[in-house]
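Asker: Next come a sequence and a model predicted from it.
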Amino acid sequence: MSPRQARPQFESWGRYPRLSAEVLPLFWREDFPPARASGTKMLAVGMGRSYGDVCLLQNGTLLRTPNLDRLISFDSETGLLRCEAGVTLAEILDFAVPRGWFLPVSPGTKYVTVGGAIANDIHGKNHHLAGTFGRHTPCFELVRSDGTQLLCSATQNPQWYAATVGGMGLTGLISWAEVQMCPIVSRRIRYRSTRFVGLEEFTALSQASKRVEYSVAWIDCVAQGRNFARGIFIQGEHDSNPGPLAPSPKPMLTLPFDLPPFALNSSSVGAFNTLYYHKQLGKQRTGLVDYEPFFYPLDRILQWNRLYGREGLLQFQCVLPWESDPMGMIQVLKAITASGLASFLAVIKVFGDVASPGMMSFPMPGITLALDFPIRREVSFDLLDRLAAITAEFGGRMYPAKDACMSAPHFQQFYPQWQDFSAFIDPAFSSSFWQRVTGLD
Amino acid sequence: MLVARNPDRLTAVAQDLLTRGALAAETWVMDLDNTSAHEEMLATAAERLGRIDLALIAHGVLGDQQAAEADFEIAAAILHTNFTSTVSLLTWLGNYFQAQRGGTLAVISSVAGDRGRKSNYVYGASKGALNIFLEGLRNRIDRDGVQVLTIKPGFVATPMTAHVPQNRLFASPDEVAHGILRAIERRRDVVYVPWFWAGIMLLVRAIPGFRFKKMNM
């Protein structure tokens, strides 16, 4: 790809690959299905916070949903919210937190839409207890390109429900959805962070905090030798003492420009990681923090993806089942540290055994690791291919929402049900991801 | 009370407001081009609400400039929707607020009304005329405690501009809404939203006519 290539109108969060498509915003639910040239395909896309090409469609029409941002109803007794699918989790929090309600599942950013959260069946720090986002959306409407409206729930059109949750937006447009919110009495999170070295210590900490609502760990993917797999384990719970619920502060910083490509190299990231690790002086720290920095530390810097320069970034997220532990994860981490393609945003977490409701949902019981890589020509792609091979060897799978380069054979091994799923795809819908991993339109 | 042509869209907006905590959200389906039906709508609003404190007038069409150059009827229709029908609403509401000795008239005009450009001067003329009308109305009823706010948005990403390639100058409806709210709270007369359009239009207005007529804008 030539670096001078014109920027397409719409990019995913990783800003790779760059694919040109027509962008058509939807303003009202009745704007769908749109009039369009026959033969061209379409795909609904919300905030574009997935990293690769799962939300892109080369030479197709991207239906942008963030203007479908209306609330439909809220039951203040039960916490059941019904809203249009373009409502973001940030908008839900602004609405619900002052009323004493919180999201059932929070990903690492609040700037995603409800439709996107369902289509990728996202997960968060409470996966070990709550499962995926789709488990908390009792009902939604799926509209097909022929105008058919399907009400989907556990009892109505259950097969369409299962195909659409985690269905990567391919089954049609999710027009509205219900989200079952959770009661809180304070904005604050009571947390504890603990330094660890090595995967054994990490899994022991995870085991010990099985009943704690939220847990996640940052892991250093640069350090080798005696510091290999060091990190900080973070756990937290909504504070049970009544506290403030007032509206959230707005993010302060926007990264106004792309950093040059040399800004993120292994020594700068290594230095950052060492500082970050030692920022916490003692072995353990506890405290009370607002939910914003606890759940969405990176949302404070709007457009942090620009740290990676105009070339963009690659994300990798895999889950390896427990049986393979810890050899598989050690191999993955060794391959990353050996590559020197450092990344300071690496997250590791234990997934619980709460079943995912979607046919194509990513989470399964095991350990999941997520991190970004700068794009360095061949090297980054070679590394990701190696990581995919290790994931496959140990019976794990990779996350389509974070992927820009997994091969078709790997995808089909990770998701052997893909052919059954393809029967539910809307004939007018597709994505560049789907075309890449199946070879189909 | 919400007034618009499409009942489904009205319901969607009313539900949103009610869910977010509005005490009431009445709806009224009508085409504002039909000025003879304005009085009934406005009188009903005053009756149902008990009192009107604020009216936001936000309807309008961009129109097809080239078609309007060729056909006066098309130009007249743009002027009717953007200017004449708004004048009808403002006449009733201006008198109502004056008698009440208070209230706010917030009217969405456009930066396009500041200069006549060859690419959209029919739309621009409808907004320019509206600006003059609002200025005069303000001069008449400001002393009665009525705020008359002329809102001049730049490019906003709405259905009206969905067919135009978006660039950095485009603002989100949310940003513009916050700017309007702030201007109402501060009892401003004229507001550019987002704010940087005040600077842009200052420069555009400073271009002398003999140069302006040669430019492609």
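Answerer: Cool, got the structure.

Asker: Neighbours of the residue of the stretch 101-250 of chain A found nearest chain B, how many?
Answerer: Distances from the stretch 101-250 of chain A to chain B, computed as C-beta to the nearest C-beta, single out residue A:176 as the nearest residue at 9.9 Å. (C-beta placed from N, C-alpha, C; glycine too.) Burial of residue A:176 is recorded as 22 neighbouring residues (other C-beta atoms under 10 Å in any protein chain shown).

Asker: ok, and what's touching stretch A:206-215?
Answerer: Contacts to stretch A:206-215, defined as C-beta atoms under 8 Å, 6 or more residues apart in numbering or on different chains, come from residues A:124-126, A:128-129, A:189, A:205, A:217, A:233-238, A:294, A:349-350.

Asker: need the residues of chain B near chain A, please.
Answerer: Taking C-beta under 8 Å from any C-beta of the partner chain as the test, the list of chain B residues beside chain A reads B:8-9, B:12-13, B:15-16, B:19-20, B:157-159, B:162, B:165-166, B:173.

Asker: let's go with 10 Å and repeat that
Answerer: B:6, B:8-9, B:11-21, B:157-159, B:161-163, B:165-166, B:172-174 (C-beta under 10 Å from any C-beta of the partner chain).

Asker: Report the buried members of these.
Answerer: In terms of neighbour count (16 or more other C-beta atoms under 10 Å in any protein chain shown), the buried residues within the residues of chain B next to chain A are B:9, B:12, B:13, B:14, B:15, B:16, B:18, B:19, B:157, B:158, B:162.

Asker: which residues touch the residue lying closest to the second one once chain neighbours are set aside?
Answerer: So that's residue B:12. Distance criterion C-beta to C-beta, 6 or more residues apart in numbering or on different chains; nearest residue to residue B:12, sequence neighbours excluded, is residue A:70 at 5.4 Å. Under the criterion of C-beta atoms under 10 Å, 6 or more residues apart in numbering or on different chains, the contact list for residue A:70 reads A:28-29, A:83-84, A:86-87, A:176, B:9, B:12-17, B:19-20.

Asker: Which parts of chain A are helices?
Answerer: Using DSSP state H, the helices of chain A run over residues A:89-96, A:114-119, A:127-130, A:158-164, A:199-208, A:266-279, A:291-295, A:327-339, A:377-393, A:408-414, A:418-422, A:432-438.

Asker: Using the record's assignment, carve chain A into domains.
Answerer: Using automatic domain parsing, the domains assigned to chain A come out as A:71-184, A:188-407.

Asker: Mean neighbour count, the ones you listed: which tops it?
Answerer: Among the domains of chain A, ranked by average contacts under mean count of other C-beta atoms under 10 Å in any protein chain shown, first place goes to domain A:71-184 (a mean of 21).

Asker: Pull the distance from that domain to the chain's centre.
Answerer: Shown here is domain A:71-184, whose average C-alpha point lies 14 Å from the average C-alpha point of the whole chain (C-alpha atoms, centre = their mean, to the nearest Å).

Asker: Rounded mean pLDDT for that domain, please.
Answerer: For domain A:71-184, the mean per-residue pLDDT is 97.

Asker: One more: stretch A:363-383?
Answerer: So the average pLDDT for stretch A:363-383 ends up being 91.

Asker: Identify the residues contacting residue A:134.
Answerer: Residues near residue A:134 by C-beta under 10 Å, 6+ apart: A:105, A:117-123, A:140, A:161-162, A:164-167, A:177, A:356-358, A:361, A:363.

Asker: brain fart, residue B:99
Answerer: residue B:144.

Asker: And for residue A:282?
Answerer: Residues touching residue A:282, when contacts are defined by C-beta under 10 Å, 6+ apart, comprise A:193, A:194, A:195.

Asker: Would you check that the last one makes contact with residue A:229?
Answerer: No: here residue A:195 does not reach residue A:229: they are 12.0 Å apart, not a contact under C-beta atoms under 10 Å.
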